[in-house]
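**Student:** Quick one: sequence and predicted model below, then my questions.
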There are 2 protein chains.
Amino acid sequence: MNNKRIGIIGSGPSGLAQLRAFEALKDKGVDVPEIVCFEKQSNWGGMWNYTWRTGVGKYGEPIHGSMYKYLWSNGPKECLEFSDYSFDEHFEKPISSYPPRPVLFDYIQGRIKKSKARDYIRFDTTARWVEYNEETKKFTVHLDDLKIDKTYSEEFDYLVVASGHFSTPNMPYFKGIENFPGNVIHAHDFRGADQFKDQNLLLIGSSYSAEDIGVQCYKHGANSVTLSYRSNPIGVDWPEGIKELPLLTHFEEDTAFFKDGTTEKYDAVIMCTGYQHKFPFLPDELRLKTKNNLYPDQLYKGIFYNDLPELIYLGMQDQYYTFNMFDTQAWAARDYIMGKLDLPTKAERRVDMDKWLERNEALETGADHVDFQTDYIKDLLSLSDYPDFNVDKVSEIFKQWLRDKEENILTYRDKTYKSVVTGTMAADHHTDWMDELDDSKERYLFEEEVKEEEEFVSDRL
Amino acid sequence: MNNKRIGIIGSGPSGLAQLRAFEALKDKGVDVPEIVCFEKQSNWGGMWNYTWRTGVGKYGEPIHGSMYKYLWSNGPKECLEFSDYSFDEHFEKPISSYPPRPVLFDYIQGRIKKSKARDYIRFDTTARWVEYNEETKKFTVHLDDLKIDKTYSEEFDYLVVASGHFSTPNMPYFKGIENFPGNVIHAHDFRGADQFKDQNLLLIGSSYSAEDIGVQCYKHGANSVTLSYRSNPIGVDWPEGIKELPLLTHFEEDTAFFKDGTTEKYDAVIMCTGYQHKFPFLPDELRLKTKNNLYPDQLYKGIFYNDLPELIYLGMQDQYYTFNMFDTQAWAARDYIMGKLDLPTKAERRVDMDKWLERNEALETGADHVDFQTDYIKDLLSLSDYPDFNVDKVSEIFKQWLRDKEENILTYRDKTYKSVVTGTMAADHHTDWMDELDDSKERYLFEEEVKEEEEFVSDRL
C-alpha cells in the first residue's frame, strides 16, 4: 500500500477533507500512501480564501474564488458542521448559526492545522494536463509551478479531483450588452457592495448568488436592486428597494427591456447566472461533463468515475450539505484507496447510478431536494467510519431554513439552531444581521466581550 | 514537403500573417504543407477582435483581448502598413493616419479574406498541452474543442506559437488595496471610459496603456485622472485634469498615499502595469520565458526557438513595428519550413542572438529603440521575398510620432503621414480627435460623404 501515490487537485474544503481523512487514519497508526496535493492558489481553503483580485491572478491563472466581502453563511452552520471537529471544539464557546466568511474559514482551517497536512500541499501549482496509461495503470499529471515558472510531471495511482465547480462563470449574452455603458460583471467577479453604493443595479438570475448579492447591495446602500429571472422568481416578500422582473430581452445603452414590457435604466449589471463544471487539465476520457445538479452522471456514489474508479471527484454535486458531505465523500474515497471498500462491477454501479438519477429527475420542491441529498449522505455514511451524525435532524434544519428565508429574507440569519454534533444551542449574534456592516472575525467573536469589559470598568468608577 | 503538417496557435495579426505567407506562395502555384490554425476565440483578429466580456469568456477560458471601446491607433498607420496590401488597396481612398479599432480590424481582415485561409482555422479551440517527441521529431498538441467540450490530439512537424503577449495581466499588490471600496481593474479588463464618467481615477503605470486609457477617460468625461509612475513619468504637458504622481505606497480605504507624501481619494483604480508572456500549454523545454522587451532571448532572428527551431514564435517582441513586423517574421518562418532558408548551427545562432542582446542592453532613448527594431526588420527582410518597403522612412515617421506626442498628447492623432508603400498622403479626418466620440467604421469612413451629399441636395433646392 505505502508504495502507492495519491494526487489531489485542489486544497479547498473537499481537498482538505481528503487530506484529513488520511490523517485520521494515520492518527490510528495506519500506514498510508504518499499524498501530494496541488493547489493553484497561494493558500488553502478554496472558495473560502478571499482575494481582492478578479479575472486572473498574480500568475495569470483564472481566479478560483467567487468569494466577496460581507459574505455571511447563507445556511445554518449546524447543517455543515464536521462531525469529527465541532464548532464548540474550535471556538470554545457557542457562536451564532450564520457566521461570516472569515469565521467559517477559521473553522475549516482549525481542523487541518492540527495535522501535518500542509506539508503535502504544493501551493502556486496548477495541473496542466493529465494522461492515464492503461498498461501501467498510472496517471501522469503535468504540473506548472507558477512561482518559478517551471513545469514537471509526476505519476499517481489514484487521482482525486477536488477543484470545485463554482469558479468558471456561465455568462450569457443579451443583445445590446456590448453598448451598456456601466460595469458588467459576473457574480464571480463581485467583491463586495461598496462600489455599487447609490447605484441602480440589475442582477440577472434567481438562485443563491442573485439572492445574496442583491440583499447585500441593498443592505450596504444600493439605491435599487432589480432581480431578473428566467423561469421563476425567488418570490419572497422583498423590501422596498428590491424587486423581481421577468427575464430581460435586451439593452439599449443603459436601458434594459424586460419580457413583461418594463423598461428601466441601470448603472451596473451583475450576472448571477451560475457556473460551469470545468476541468481544462483533463482529457475527454477522464473529464466529468455535467451541469450543476444534485447527482452528476458517471459518478458512482457521487465520487467514483465509473469508467475508471481510481479517478475520484469530490464535491461535484449541487450542494445543500457542504463540508460534512465532502467529509463523507472523502472518507469513502479513502477507504476505497486503502482497499477497505470494494466496489461492485461497472454494470452494477451503472444500475445504482441510474436509480439515483431517476429519483433526481422527479424532484420538485426544495424539501424534495433536501431529502434527496440527505439520503445520499446516509448512503455515504454507511461506507466508512466517518463519525455518524443525525442526518435527519440536519434535514429538518434545512427545511426550517427554507421557511425562514421565505418568511423574511432580511432576518433569517438572526435565527439560531442546535448542533447535531454537540447538542449546543447557537448563540445570538450581538448585532442584528441587517445592522452588522463589519464581517471581521474580531468583531464577530470579541465585540460583545469588549463591551462587557467597558461596562465593568465604568461600574468601578 | 506536402506530407508535412504545420500547427499555428492563434489567428491574430501574427497567426494571420503566417497563413497569408503560405497563401502568397500558393498563389504562385507552389505546393504547400497542410496547415491547421487553432483559435481560442470565435473569430480571428486576436487583440483586434473586441469583446464586451472580461475575466473569462463564454467557455471559461481567460479572455484574450485587452481591447476597449474608443481605441484609436496610437501610432501612425503608415508605420504598420502591410507592404503587400496597402490601405489604398483596401479602402480605395486615402484615410487618416490614426484610424479607430474597427477600421484597423477591417484592414487586417481584408487581406486574409481574399484567400481561403479561414478554412484552415478551427475556432473556439484551445491548445491545452504540447509534447515534442525527439524520436519522431513531431509535436503532439492536445486540443480542446470548447464548443462541443471535446479534447483530441494532433501531430505536427512545425509549431508556430502566435498567441500574443498582451493578454495576461501583470498586477502588483499594494498594501490596503483589498479594502479599496471602488472598482479595481487591470487595463486588460478596461472596456471603455463610459463607466468612469465624473469619477476621480487612479491609473498605475506610465506606459502606453496608462497614457492611452488616461487620455480616453479625460476625453470621455472623467473628473480627474492621476497617473502614478514607478521610475519615470510620461512627462508630457498634461492638460488640466490629468497629472502624474510618483508611485503609490499604499491605500487606506479610498485614499491613496504616494511616495512624495501626496494623498488623494479615488473612485476607481486601473492598473496599467503591463502583461506577462504566458504559455500555459507549453512544457518547460519548449516554453519561451521572457519579459516584454525588444529582443527576447532564445529566439534566433526573433522567431526560431534556439533549442528546437521547428518551434517558431511570432510577435513576441515589444513592438514599435507591428503588422509589418509580423509579416516579415512569418515570411521568414515560411521559407525555413519550406526548406528555402537554412539556419546556421545552434552555436552560431547563439552568437547572433548575443550580438542583438548586447545592443538591446545599451539602448537608452525612444529613438534608440526605434533604430534597433528598424535594423531588426531590415535583417528579417533580407531573409525572404516579403515585398521590400522603405524601413528608414518608417523609422523617421516613428521618431516624428514620438515628438508629436511630446508636443501635444491630445492632438497628435490629428497629424497625417505619407505611405511608404503607395506614396499616398493620409487624409485629414473630418473631425478633430478630441471632438470625435464615435469610433465606428461607418462614422469614420462615410460621415464626410454624407455631409457632402446633404450639401448637394440643399444646393439643388
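**Tutor:** Everything's here; your move.
**Student:** What distance do you get for the closest residue to A:Tyr386 other than its chain neighbours to A:Phe87?
**Tutor:** Among residues not flanking A:Tyr386 along the chain, A:Trp331 sits closest, at 3.9 Å (Cβ to Cβ, 6 or more residues apart in numbering or on different chains). (C-beta placed from N, C-alpha, C; glycine too.) Per Cβ to Cβ, to the nearest Å, A:Trp331 is found 20 Å from A:Phe87.
**Student:** A:Thr126 belongs to a strand?
**Tutor:** Yes. Applying DSSP: H, G, I helix; E, B strand; the rest coil, one finds A:Thr126 inside a strand.
**Student:** In which helix or strand does the spatially closest residue to it that is not a sequence neighbour reside?
**Tutor:** Using Cβ to Cβ, 6+ apart and skipping the chain neighbours, the partner closest in space to A:Thr126 is A:Lys40 (4.5 Å). Element membership for A:Lys40, per DSSP states H and E: none, as it lies in no helix or strand.
**Student:** low-scoring stretches of chain A, by residue?
**Tutor:** A:1-2, A:447-461 (pLDDT under 70).
**Student:** switch to 50 and redo it
**Tutor:** A:449-450, A:452, A:455-461 (pLDDT under 50).
**Student:** Does A:Asp318 touch A:Gly302 like I think?
**Tutor:** No. Taking contacts as Cβ atoms under 8 Å, A:Asp318 lies outside contact range of A:Gly302: 11.2 Å.
**Student:** Looking at the two, which one has more neighbours?
**Tutor:** With neighbours defined as other Cβ atoms under 10 Å in any protein chain shown, A:Asp318 and A:Gly302 compare such that A:Gly302 has more, 24 against 16.
**Student:** Let me see the contact set for the more buried one.
**Tutor:** A:Gly302 makes contacts with A:Tyr295, A:Pro296, A:Met316, A:Gln317, A:Gln329, A:Tyr376, A:Leu380, as judged by Cβ atoms under 8 Å, 6 or more residues apart in numbering or on different chains.
**Student:** Tell me how far it lies from B:Thr328.
**Tutor:** From A:Gly302 to B:Thr328 the distance is 57 Å (Cβ to Cβ).
**Student:** what do you get for A:Phe87?
**Tutor:** Applying Cβ to Cβ to A:Phe87 and B:Thr328 gives a distance of 66 Å.
**Student:** These two: which is more packed in?
**Tutor:** Between A:Phe87 and B:Thr328, counting by other Cβ under 10 Å, B:Thr328 is the more crowded of the two (29 against 26).
**Student:** name the element that one belongs to?
**Tutor:** Per DSSP H and E: helix B:323-337 holds B:Thr328.
**Student:** and that helix, what does it pack onto?
**Tutor:** helix B:13-27, strand B:311-313, helix B:366-381 (3 or more Cβ pairs under 8 Å, 6 or more residues apart in numbering or on different chains; DSSP states H and E).
**Student:** quick one: A:Ala210 and A:Val269 touch, right?
**Tutor:** No. The criterion here is Cβ under 8 Å, and A:Ala210 misses it with A:Val269 at 11.9 Å.
**Student:** Skip the chain neighbours and tell me the closest residue to the residue in the stretch 301-450 of chain A that chain B sits nearest to.
**Tutor:** Distance from chain B to each residue of the stretch 301-450 of chain A (Cβ to the nearest Cβ) is smallest for A:Ser440, at 11.0 Å. Distance criterion Cβ to Cβ, 6+ apart; nearest residue to A:Ser440, sequence neighbours excluded, is A:Pro102 at 6.2 Å.
**Student:** related to what we said a few turns ago, the residue nearest to A:Tyr386 and A:Asp385 touch, don't they?
**Tutor:** Yes. Shown here, A:Trp331 and A:Asp385 form a contact pair, counting by Cβ under 8 Å, at 7.0 Å.
**Student:** Checking the residue nearest to A:Ser440 next. Helix, strand or coil?
**Tutor:** Strictly by three-state DSSP, A:Pro102 counts as helix.
**Student:** More neighbours: which of A:Trp331 and A:Asp385?
**Tutor:** Neighbours per residue (other Cβ under 10 Å) separate A:Trp331 from A:Asp385, with A:Trp331 holding more: 26 against 14.
**Student:** Which residues are in contact with the spatially closest residue to A:Asn293 that is not a sequence neighbour?
**Tutor:** Leaving aside its sequence neighbours, A:Asn293 sits nearest to A:Asp318 (Cβ to Cβ, 6+ apart; 5.4 Å). Shown in contact with A:Asp318 (Cβ under 8 Å, 6+ apart): A:Asn292, A:Asn293, A:Leu294.
**Student:** Please identify the helix or strand for A:Asp318.
**Tutor:** Counting by DSSP H and E, A:Asp318 is found in no helix or strand.
**Student:** what's the spacing between it and A:Ser207?
**Tutor:** 10 Å.
**Student:** Kindly report the residues of the stretch 201-350 of chain A close to chain B.
**Tutor:** A:Ala268, A:Gln276, A:Lys278, A:Pro280, A:Phe281, A:Leu282, A:Pro283, A:Asp284, A:Arg287, A:Lys289 (Cβ under 8 Å from any Cβ of the partner chain).
**Student:** ranking the residues you listed by neighbours, who comes first?
**Tutor:** Counting neighbours by other Cβ under 10 Å, A:Leu282 leads those with 25 neighbours.
**Student:** Now do the contacts for that one.
**Tutor:** A:Leu282 sits next to A:Val130, A:Val161, A:Leu288, B:Thr151 when contact means Cβ under 8 Å, 6+ apart.
**Student:** The third one contacts A:Pro296, doesn't it?
**Tutor:** Yes. The pair formed by A:Leu288 and A:Pro296 meets the contact definition of Cβ under 8 Å, at 6.3 Å.
**Student:** does A:Arg20 really touch A:Ala117, like I thought?
**Tutor:** Yes. Between A:Arg20 and A:Ala117 a contact is recorded at 6.7 Å, counting by Cβ under 8 Å.
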